[in-house]
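**Q** sequence first, then the predicted structure, then my questions.
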Amino acid sequence: MSPWGGRLRRGEKRAVFDFKPDFEQVLERYEAWWNGAVLDRALTSISFAKPLHERIALPEKTFAAQRARWWDAQYQAELAHARLANMVYGADAVPTAYANLGPDVFAAFYGCELVFAETTSWSEPFLSSWQAEALEALRLDLQSSYFKKIDELTDVLLDVGRGKFNVGYTDLHPGADALAALRGPENLCIDLIERPAEVAALCRRVTQGFLQVYDIYHERLSSAGNYSATWLGAISRGKMHVPCNDFSCMISERHFVDLFLPEIVRECRHMDRNVYHLDGPQALRFLDLLLEVPEIDAVQWVPGAGQDDWKEWIEVFQQIQAADKAFIVYRVLPDELDLLFEKLRPEGVWLHMAGIQTREAADAALKRISAWR
């Protein structure tokens, strides 16, 4: 067996996806990437739209409200199928769809209502106090309309995508992000000062609920022949998770370490692979702490809108690479490859190429990347 566990395990079936015929070799590269290694070249995603004459029509349907559009499982599955079918998934890009009601759906499993817009949704906080009665009433509800809807969305995606594309689990935000959805970010900031013990206790409860929900989805999707994946696009054998704490941009290092980092570690220890979603310059101050967590295999650094030129963050990538963690570099143009080769090693790098619209251009870029040593 390879040092990164890339070969098929006893009893494991080979995945066959029409939209990604070379999936098995691609999976080997992901397994190497998780270990900060290189199989035959750096992990590379190149995707672009097919020529117009090769595309299929998107489903057309009129909805009276945004919620109805998000809630229509058959429409959403057909839309996902058409969008994936209309793309070329070159190099190591993997066509993946997932049941999606927005980033606060995990909080909705506890009773929050979601407000739906065109491209996202958000929660309406409802935990109005820390009184014992309010906390007692706050329970994970696997019979809620939101949980049942994710079930339905997943079922239809599995049916539509069988043999064509991978189906991942929904976007789950436990920990501080779930608490912020339940209480409201402003209230939670005050709670950290006035009620840190209660915050820590509720965070532990929410983590336990997350682990239960995650295992339900993992078992369901893996038993249907899918590999572990979600909104990020990374894929893995075993249990893959994207831990995060977007709320950390608003808090001190002491609160992050004392109240939230232990639960992040607990999430990670439940998994086989973890890529931490580090979002925003104000969260960058926690990078050193996160790099010390052995269970975090990789870091997704997201600088934020207007600050997403990878060349401005080379030192951050070098810091991650020096800690022997994997990472993602987004929106790399072909004419920027020489600079990237000069500043970074290929081990543990996942390149997302941009500015490529043809198979010929993709092949040319991949040839250069394959020579990177």
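**A** Received, thanks.

**Q** make it CA atoms for all contacts and neighbour counts henceforth
**A** Noted.

**Q** the stretch 151-300 of the chain: strands as residue ranges?
**A** Using DSSP state E, counting those that start in this stretch, the strands of the stretch 151-300 of the chain run over 166-168, 228-229, 235-236, 240-241, 273-279, 298-302.

**Q** and the contacts of the fifth one?
**A** The set of residues external to strand 273-279 that reach it, using Cα atoms under 8 Å, 6 or more residues apart in numbering, is 34, 236, 238-246, 268, 284, 287, 295-304.

**Q** excluding its backbone neighbours, what's nearest Y330?
**A** H352 (4.8 Å; Cα to Cα, 6 or more residues apart in numbering).

**Q** please report phi then psi for S128.
**A** Backbone torsions for S128, taken as degrees, to the nearest 10, come to phi -90, psi -10.

**Q** that one and L135, how far apart?
**A** Applying Cα to Cα, to the nearest Å, the value for S128 to L135 is 10 Å.

**Q** show me what contacts V156?
**A** Counting by Cα under 8 Å, 6+ apart, V156 makes contact with A73, Q74, A77.

**Q** next one: Y30
**A** L43, A234, I235, S236.

**Q** let me know the closest of these to G184.
**A** Nearest to G184 out of those is A234 (Cα to Cα; 30.0 Å).

**Q** show the pLDDT at that closest one.
**A** pLDDT for A234: 96.

**Q** so for it, what's the nearest residue that isn't a sequence neighbour?
**A** Spatial nearest neighbour of A234, chain neighbours left out: Y30 (7.7 Å); criterion: Cα to Cα, 6+ apart.

**Q** CA atoms of the helix or strand harbouring that neighbour as CSV?
**A** Here Y30 sits within helix 23-34, counting by DSSP states H and E. These are the backbone C-alpha positions of helix 23-34, laid out as CSV (Å, rounded to 0.1, in the frame of the first residue of the first chain):
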residue,chain,number,x,y,z
PHE,A,23,-11.9,9.3,-11.0
GLU,A,24,-9.9,6.5,-9.4
GLN,A,25,-6.6,8.0,-10.4
VAL,A,26,-7.8,11.4,-9.2
LEU,A,27,-8.7,9.9,-5.8
GLU,A,28,-5.2,8.7,-5.5
ARG,A,29,-3.9,12.2,-5.9
TYR,A,30,-6.3,13.5,-3.2
GLU,A,31,-5.1,10.9,-0.8
ALA,A,32,-1.5,12.0,-1.4
TRP,A,33,-2.5,15.7,-1.0
TRP,A,34,-4.1,15.0,2.4
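
**Q** what's the weakest-modelled helix or strand in the protein?
**A** Taking mean pLDDT, DSSP states H and E as the measure, the chain has helix 132-137 as its least confident helix or strand, at a mean of 93.

**Q** list the helices and strands that helix packs on?
**A** The helices and strands touching helix 132-137, judged by 3 or more Cα pairs under 8 Å, 6 or more residues apart in numbering; DSSP states H and E, number zero.

**Q** in that helix, what's buried?
**A** Residues of helix 132-137 classed as buried by neighbour count (16 or more other Cα atoms under 10 Å): none.

**Q** ok so, going back, now the helix holding Y30, how far from the chain's geometric center?
**A** 17 Å (Cα atoms, centre = their mean, to the nearest Å).

**Q** helix, strand, or coil at H352?
**A** Assigned with DSSP: H, G, I helix; E, B strand; the rest coil, H352 falls in the strand class.

**Q** contact partners for the residue sitting nearest the centre point of the chain?
**A** With distances taken as Cα atoms, centre = their mean, the residue of the chain nearest its centroid is L232 (3.1 Å). Taking Cα under 8 Å, 6+ apart, we find L232 in contact with V242.

**Q** that one and A97: what is the separation?
**A** From L232 across to A97, the span is 11 Å (Cα to Cα).

**Q** please apply the same query to E336.
**A** For E336, the distance to A97 - Cα to Cα - is 30 Å.

**Q** which one's more surrounded, the two?
**A** Each of E336 and A97 has its neighbours counted (other Cα atoms under 10 Å); A97 has more, 25 against 13.

**Q** find the nearest non-adjacent residue to the more buried one, please.
**A** V167 (5.0 Å).

**Q** what is the longest helix anywhere in the chain packed up against?
**A** If you go by DSSP state H, the chain has its longest helix at helix 196-223. In this structure, helix 196-223 packs against helix 175-183, strand 228-229, helix 261-269, with contacts taken as 3+ Cα pairs under 8 Å, 6+ apart.

**Q** again, only this time at 7 Å
**A** Contact here means 3 or more Cα pairs under 7 Å, 6 or more residues apart in numbering; DSSP states H and E; on that basis helix 196-223 packs against helix 175-183.

**Q** what angle sits between the helix it packs on and helix 196-223?
**A** 110 degrees (axes from the mean of the first three to the mean of the last three Cα atoms, to 10 degrees).

**Q** output the contacting helices and strands for helix 175-183.
**A** Applying 3+ Cα pairs under 7 Å, 6+ apart, one finds that helix 175-183 contacts helix 105-108, helix 196-223.

**Q** give me the buried stretch members for stretch 323-332, please.
**A** D324, K325, A326, F327, I328, V329, Y330, V332.

**Q** low-confidence ranges in the stretch 1-150 of the chain?
**A** 1-16 (pLDDT under 70).

**Q** and the strands in it?
**A** 43-49, 87-91, 96-98, 113-116, 121-124.

**Q** now the angle from the longest one to helix 23-34?
**A** Between the direction of strand 43-49 and that of helix 23-34, the angle (the same axes, to 10 degrees) works out to 130 degrees.
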